[in-house]
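> coords below, sequence missing:
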């Protein structure tokens, strides 16, 4: 996300989600295909005999998802991590991934560092590269195109299991892992929206460059959570997907949100902007019935992955509310959308 | 493949296959991942419990794999067909695919036609779209990038089965489906290498734009063929992969090669160029022991997919020979490689 966002949306034009629903949603009957679910979730589930696999795919380009001069090691690492995060959100164990990459010319130094970051992340999660495609990027008016990466990751689930966005029920607690907003705090500094102290910036930047896919947490939540997603598009926007798909609403308590030490050094308006609707975080947002909370906290302790209760699911027909802890309510901004660029 | 090819290779530089082997081959031990085979084949095989799946991924860009002004309907159709062809070469039944697409702006007319071609091909093969990603292509010096498409297709195989490039044995027959070279005959006309009669050009162009993935043939060959691949990189180049991986060599008989009616209208040197090393054909090249030939011809008849015996596998240490039927031998040119562009 290198360019400063600006609104290019024209009235009635399709956005990213509109394109998917209009042109890339399979409405046909396919009686001989594997039974499937998960349209609109982080992963698709495919039932192959008595096995279930989760599949996710993400495309990333230098100049859109990464700065042109991004360290290729971190590009390699993050390009796999964002896919592993989708598997984590489904509660699936990563098992294999496939890489397609187009680049304008063979830059061995770049490729070596990219490969190192990619393969280290692959090894860390026991998720091997099983195939792929390398292609030459086209030339545009004599200028080489930018490197584009597409990764498809596959994971395994127990038969009939898998976390989706659609299981939240009124009364469920809403939880988030880690400290959301940190990645966007770095991005806002780079874009010139605010300035962080140097040591805080280094921390934020490391969260932006090296997100942690919460795979162990996701698999641990498989029998505990009622719904889950990652918050790569921003916490409120991704929560809204859970609410829409589950047919429920929510109340969030701003004072309960987990803030990193560095985030606590930022002004209140920046905190709200980053934490509520930042995006590019790969923490898990999930819901669970109140009776699971002890088990969830125990899981969190065992994995050393902090989780925090930030609100409750309410019934359909309610409005999503964020109480500010001082008798007022907050209005979050919408999440990032590549085509409308309506991020701020 | 819109630009005329030209050699940009520098001594000792890596080509596409070198990049894969140097940077994108997983050499790690992954004891908990699904058992896998198929590195260097059209598909990877993954064993999930007692099920085997085949996975392939292809990335394509306007300006590299398609002309910039290519009809979006045919782009949609072909972008899936080339992946289905890889599944066919493995003998797998297509079951699901995932699409990632980046485009500079939302052109609803283009997307609608692309989606139509894609979804028709999906329906034709009973292989549904199960997920994907749409992203905004980066801007380069104020110019929008070209549309880039990445498709990952999954198919099913019986446990322990699957065609690869490594099973050819001395004495096996070498077969090819359809009439190779037709797609490249259109491309050579567009590039100005030769001129076809208008009706021949229309036929060649339709083979270039609307290749037929030989899925039913591939699955039918599962218990008959000893090795298989598609000839998307050109017949000789792809045969060479079979020979290398099987540790064998081959003799081909040029006079036995199947030529389309349109190809028979081309001069002999153009025929050889197109048929032997053209590329962008999605026919199957396969080997089988001589005792299978009656069953193979019966399968061909049942499916109305012509297959032709064009040579025999010989032992390791022999040279690949193409006898011209007149006591001489032919020297084919190498196949297409995106990065070296050494196609002609």
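Great, that's in hand. For clarity, every value in this text was computed on a predicted model and none was experimentally measured. Numbering: from 1, shown residues only, chains lettered A, B, ... in the order given.
> quick check: residue A:251 is in a strand.
Yes: Residue A:251: assigned to a strand according to DSSP: H, G, I helix; E, B strand; the rest coil.
> in space, what's closest to it - neighbours in sequence excluded?
Excluding the flanking residues, the one nearest residue A:251 by C-beta to C-beta, 6 or more residues apart in numbering or on different chains is residue A:321, at 4.8 Å. (Each C-beta comes from the backbone N, C-alpha and C, glycine too.)
> pretty sure that neighbour sits against residue A:329.
Yes: if you go by C-beta atoms under 8 Å, residue A:321 and residue A:329 touch, sitting 5.5 Å apart.
> if I look at the residue nearest to the spatial centre of chain A, how far off is residue A:279?
For chain A, the residue nearest the mean C-alpha position is residue A:232 (2.7 Å; C-alpha atoms, centre = their mean). In this view, residue A:232 and residue A:279 are 6 Å apart by C-beta to C-beta, to the nearest Å.
> could you do residue A:130 as well?
The gap separating residue A:130 from residue A:279 is 30 Å, by C-beta to C-beta.
> who has more neighbours, those two?
residue A:130 (26 against 23; other C-beta atoms under 10 Å in any protein chain shown).
> next SSE downstream of whatever helix or strand that one lives in?
In the assignment (DSSP states H and E), residue A:130 maps to strand A:129-136. As assigned by DSSP H and E, the chain's next helix or strand after strand A:129-136 is strand A:139-140.
> how about the helix or strand following that next one against chain B, any contact?
Toward the C-terminus, strand A:139-140 is succeeded by strand A:143-144 as the next helix or strand (DSSP H and E). Yes: judged by C-beta under 8 Å from any C-beta of the partner chain, strand A:143-144 and chain B are in contact via residue A:143.
> name the element residue A:76 belongs to?
Residue A:76 is part of helix A:72-90 when elements are defined by DSSP H and E.
> tell me the strands beside the helix or strand following that helix, with direction?
Counting by DSSP H and E, the next helix or strand C-terminal to helix A:72-90 is strand A:93-103. Using DSSP bridges, the neighbouring strands of strand A:93-103 in the sheet come out as strand A:129-136 (parallel), strand A:148-157 (antiparallel).
> what's the angle from the last one to helix A:72-90?
Comparing the axes of strand A:148-157 and helix A:72-90 via axes from the mean of the first three to the mean of the last three C-alpha atoms, to 10 degrees yields an angle of 30 degrees.
> could you list the low-pLDDT ranges of the stretch 151-300 of chain A?
Within the stretch 151-300 of chain A, no stretch falls below the threshold (pLDDT under 70).
> domains in chain A, by residue range?
What automatic domain parsing lists as the domains of chain A is A:34-157, A:173-323.
> which of those domains sits most buried?
Mean neighbours per residue, mean count of other C-beta atoms under 10 Å in any protein chain shown, is largest over the domains of chain A for domain A:34-157, with a mean of 22.
> right, and residue A:53 touches residue A:158 too?
No: the criterion here is C-beta under 8 Å, and residue A:53 misses it with residue A:158 at 11.2 Å.
> what ranges does chain A have for its strands?
A:36-37, A:44-48, A:51-61, A:93-103, A:129-136, A:139-140, A:143-144, A:148-157, A:173-177, A:227-230, A:249-253, A:284-288, A:307-314, A:321-323 (DSSP state E).
> what mean pLDDT would you report for the strand holding residue A:130?
What strand A:129-136 shows for mean pLDDT is 90.
> ok, and what's touching that strand?
A:96-105, A:118-119, A:122, B:16, B:19-20, B:24-26, B:36, B:38-39, B:43-44, B:46, B:55-61, B:64-65, B:150, B:338-339, B:341 (C-beta atoms under 8 Å, 6 or more residues apart in numbering or on different chains).
> do stretch A:62-77 as well
A:1-2, A:60, A:78, A:110-111, A:113-121, A:146-149, A:190, A:209-210, A:338, B:102, B:135-140, B:145.
> how far away from the center of its chain is the strand holding residue A:130?
24 Å (C-alpha atoms, centre = their mean, to the nearest Å).
> go on, stretch A:125-144?
Its chain's C-alpha centre and that of stretch A:125-144 lie 22 Å apart, by C-alpha atoms, centre = their mean.
> do the same with stretch A:57-65
Relative to its chain's centre, stretch A:57-65 lies at 13 Å (C-alpha atoms, centre = their mean).
> next one: stretch A:280-299
How far stretch A:280-299 lies from its chain's middle: 16 Å, per C-alpha atoms, centre = their mean.
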